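Student: Fold the stuff below for me.
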Amino acid sequence: MKTFLKRTLYWISMPIRVLWEFNKGFRLYYLRGLRWGEEELEDVFALLILEDYIGFPNLPVDLSYRFLPHMVREMYVMQEKSLIH
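Tutor: A predicted model of the protein is given here:
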(Lines give C-alpha, C1' and ligand atoms only; values in the text may rest on other atoms or scores of the structure.)
Protein backbone atom coordinates (compact mmCIF):
# COMPACT_ATOMS: atom_id res chain seq x y z
CA MET A 1 0.00 0.00 0.00
CA LYS A 2 2.84 2.36 0.84
CA THR A 3 4.59 1.84 -2.50
CA PHE A 4 1.30 2.27 -4.35
CA LEU A 5 0.80 5.64 -2.63
CA LYS A 6 4.36 6.72 -3.41
CA ARG A 7 4.00 5.69 -7.05
CA THR A 8 0.66 7.49 -7.36
CA LEU A 9 2.03 10.67 -5.82
CA TYR A 10 5.04 10.45 -8.12
CA TRP A 11 2.88 10.28 -11.24
CA ILE A 12 0.51 12.99 -10.00
CA SER A 13 3.39 15.35 -9.23
CA MET A 14 5.20 14.69 -12.53
CA PRO A 15 3.35 17.35 -14.62
CA ILE A 16 3.89 19.90 -11.86
CA ARG A 17 7.62 19.18 -11.78
CA VAL A 18 7.86 19.36 -15.57
CA LEU A 19 6.10 22.72 -15.62
CA TRP A 20 8.27 23.95 -12.75
CA GLU A 21 11.47 23.08 -14.64
CA PHE A 22 10.11 24.61 -17.84
CA ASN A 23 9.35 27.80 -15.91
CA LYS A 24 12.88 27.92 -14.49
CA GLY A 25 14.42 27.46 -17.93
CA PHE A 26 12.15 30.04 -19.52
CA ARG A 27 12.93 32.53 -16.75
CA LEU A 28 16.66 31.99 -17.23
CA TYR A 29 16.33 32.48 -21.00
CA TYR A 30 14.22 35.61 -20.49
CA LEU A 31 16.66 37.12 -17.99
CA ARG A 32 19.58 36.41 -20.31
CA GLY A 33 17.76 38.29 -23.08
CA LEU A 34 17.07 41.20 -20.77
CA ARG A 35 20.71 41.33 -19.72
CA TRP A 36 21.80 41.34 -23.37
CA GLY A 37 19.35 44.15 -24.16
CA GLU A 38 20.60 46.16 -21.21
CA GLU A 39 24.19 45.79 -22.38
CA GLU A 40 23.22 46.93 -25.87
CA LEU A 41 21.41 49.98 -24.50
CA GLU A 42 24.44 50.83 -22.38
CA ASP A 43 26.63 50.61 -25.48
CA VAL A 44 24.31 52.92 -27.40
CA PHE A 45 24.23 55.32 -24.45
CA ALA A 46 28.04 55.34 -24.31
CA LEU A 47 28.21 55.91 -28.04
CA LEU A 48 25.88 58.89 -27.78
CA ILE A 49 27.87 60.44 -24.95
CA LEU A 50 31.35 59.70 -26.25
CA GLU A 51 30.64 60.07 -29.95
CA ASP A 52 33.20 62.84 -30.27
CA TYR A 53 35.93 60.19 -29.98
CA ILE A 54 34.80 58.47 -33.17
CA GLY A 55 34.23 61.60 -35.21
CA PHE A 56 30.51 62.30 -34.85
CA PRO A 57 29.30 65.69 -33.66
CA ASN A 58 28.89 65.58 -29.91
CA LEU A 59 26.14 66.56 -27.50
CA PRO A 60 26.10 69.99 -25.89
CA VAL A 61 28.79 70.22 -23.22
CA ASP A 62 26.46 70.89 -20.29
CA LEU A 63 24.40 67.80 -21.15
CA SER A 64 27.56 65.70 -21.49
CA TYR A 65 28.77 66.89 -18.08
CA ARG A 66 25.45 65.89 -16.51
CA PHE A 67 25.76 62.39 -17.98
CA LEU A 68 29.44 61.98 -17.12
CA PRO A 69 28.97 60.52 -13.58
CA HIS A 70 26.77 57.80 -15.10
CA MET A 71 29.45 57.03 -17.66
CA VAL A 72 32.31 56.07 -15.34
CA ARG A 73 31.34 52.39 -15.37
CA GLU A 74 30.79 52.51 -19.12
CA MET A 75 34.27 53.91 -19.69
CA TYR A 76 35.78 51.01 -17.76
CA VAL A 77 33.69 48.53 -19.76
CA MET A 78 34.68 50.14 -23.07
CA GLN A 79 38.33 50.09 -22.03
CA GLU A 80 38.12 46.40 -21.15
CA LYS A 81 36.41 45.61 -24.46
CA SER A 82 39.03 47.52 -26.42
CA LEU A 83 41.87 45.67 -24.66
CA ILE A 84 40.30 42.29 -25.48
CA HIS A 85 39.96 42.98 -29.20
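Student: burial of Trp47, as a residue count?
Tutor: One thing to correct before we go on: residue 47 is Leu, not Trp. 14 (other Cβ atoms under 10 Å). Heads up, the C-betas are built off the backbone N, CA and C, glycines and all.
Student: got it, and the one 3 residues further on?
Tutor: Using other Cβ under 10 Å, the number of residues around Leu50 comes to 19.
Student: residue contacts, it?
Tutor: By Cβ atoms under 8 Å, 6 or more residues apart in numbering, Leu50 lies in contact with Met71, Met75, Met78.
Student: Apart from its neighbours in sequence, what residue is nearest the last one?
Tutor: Yep, that's Met78 we're talking about. Closest residue to Met78 apart from its sequence neighbours, by Cβ to Cβ, 6 or more residues apart in numbering: Ala46 at 6.0 Å.
Student: wait, isn't that neighbour in contact with Glu74?
Tutor: Yes. Ala46 lies in contact with Glu74 (Cβ atoms under 8 Å); the separation is 4.3 Å.
Student: one step back: rebuild the contacts of Leu50 as a markdown table, extending it with pLDDT.
Tutor: Listed next are the contacts of Leu50 as a markdown table, based on pLDDT from 0 to 100:
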| residue | pLDDT |
| --- | --- |
| Met71 | 76 |
| Met75 | 76 |
| Met78 | 73 |
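Student: With that, I have no additional questions.
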